[in-house]
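In: Sequence and predicted structure are below.
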Amino acid sequence: SFADRYVEGKVTFGKASVSFFRHFPALSLSLEDFSITDPEGSGERKDTLASFRKFSVSANVSPLLFGRIRIPEIELVRPRIFAYVDNDGKANWDIFSSEEQVAAPDSTATEDSSGISLPHIHIGKIRLTEHPHIVYSDRKDTVFAMVDIKEAGFDGRLRTGKRSRNRIGLKIDSMFVAGRIGADTLALGLD
């Protein structure tokens with residue numbers, strides 16, 4: 001029901017598991033063979049926006065009482081992400097509904113409409129494992145970019161106030177980047 005409310009595309013997954021003991025006191029959710037497809041895509045198979053062999057997330061339960069979600073870690077195993085913008089400027093990631101669209105799905109809704117809104121989300125680490133593959137293309141501006149990585153990890157912390165300390169860490173193992181802008185082509189390999 002959450003996917004139906006926030007995603008206009010098709011969300012599928014295989015086995016789902018929830019554990020309270022794996023990252024105690026955080027609640028862990030794992031989805032295997034997860035994919036999101038764009039229903040407006042071309043062809044019978046439609047277009048895949050993203051797929052993962054396994055999607056794992058852990059979230060601290062206590063901040064949920066205050067309308068916040070604290071996610072210490074997200075792991076995407078064998079992610080495949082295909083983002084594109086077509087000739088009309090429509091992006092395949094436009095299938096995600098905004099809070100305004102969810103709260104007021106039709107034009108007759110008022111500002112006082114009651115609807116679900118996403119809580120504040122704070123994310124710690126994001127790990128991309130087992131050979132992530134990311135492709136971006138913009139058909140209108142003839143831009144194409146592809147990133148192929150053996151493994152990547154992001155660690156970000158953002159604190160606000162008088163004692164604010166911002167830190168973002170990035171770890172990449174064996175990256176290959178290729179791109180094209182008009183007639184120019186760029187390729188870069190890094191171990």
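Out: Sure thing, it's come through. These numbers come from a predicted model, not from an experiment.
In: only C-alpha atoms for contact and neighbour calcs from this point on.
Out: Noted.
In: By mean pLDDT, point me to the weakest helix or strand of this structure.
Out: In the chain, no helix or strand scores lower on mean pLDDT, DSSP states H and E than helix 99-103, which sits at a mean of 50.
In: Secondary structure class of residue 64, three-state.
Out: Judged by DSSP: H, G, I helix; E, B strand; the rest coil, the three-state class of residue 64 is helix.
In: try residue 4
Out: Following three-state DSSP, the label given to residue 4 is helix.
In: so how far is residue 64 from it?
Out: According to CA to CA, to the nearest Å, residue 4 stands 22 Å off from residue 64.
In: Neighbour count for the two, which is higher?
Out: residue 64 (14 against 11; other CA atoms under 10 Å).
In: List the beta-bridge partners for the closest residue to residue 143 other than its chain neighbours.
Out: Closest residue to residue 143 apart from its sequence neighbours, by CA to CA, 6 or more residues apart in numbering: residue 181 at 4.7 Å. Per DSSP bridges, the residues bridged to residue 181 are residue 143, residue 184.
In: if I pick residue 181, what's in contact with it?
Out: By CA atoms under 8 Å, 6 or more residues apart in numbering, the residues touching residue 181 are 141-144.
In: I'd like the next helix or strand past the least confident helix or strand of the chain.
Out: Note on helix 99-103: by DSSP states H and E, the next helix or strand toward the C-terminus is strand 120-129.
In: Send over that following strand as PDB, restricted to the C-alpha atoms.
Out: Output of strand 120-129 as PDB, limited to C-alpha atoms (Å, rounded to 0.1, in the frame of the first residue of the first chain):
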ATOM      1  CA  HIS A 120      11.900  13.600   8.300                       C
ATOM      2  CA  ILE A 121      14.500  11.000   7.200                       C
ATOM      3  CA  HIS A 122      18.200  11.000   8.400                       C
ATOM      4  CA  ILE A 123      20.500   8.500   6.600                       C
ATOM      5  CA  GLY A 124      23.900   7.400   7.900                       C
ATOM      6  CA  LYS A 125      25.800   5.000   5.700                       C
ATOM      7  CA  ILE A 126      24.900   3.800   2.200                       C
ATOM      8  CA  ARG A 127      26.700   0.700   0.800                       C
ATOM      9  CA  LEU A 128      26.600  -0.400  -2.800                       C
ATOM     10  CA  THR A 129      28.000  -3.900  -3.200                       C
END
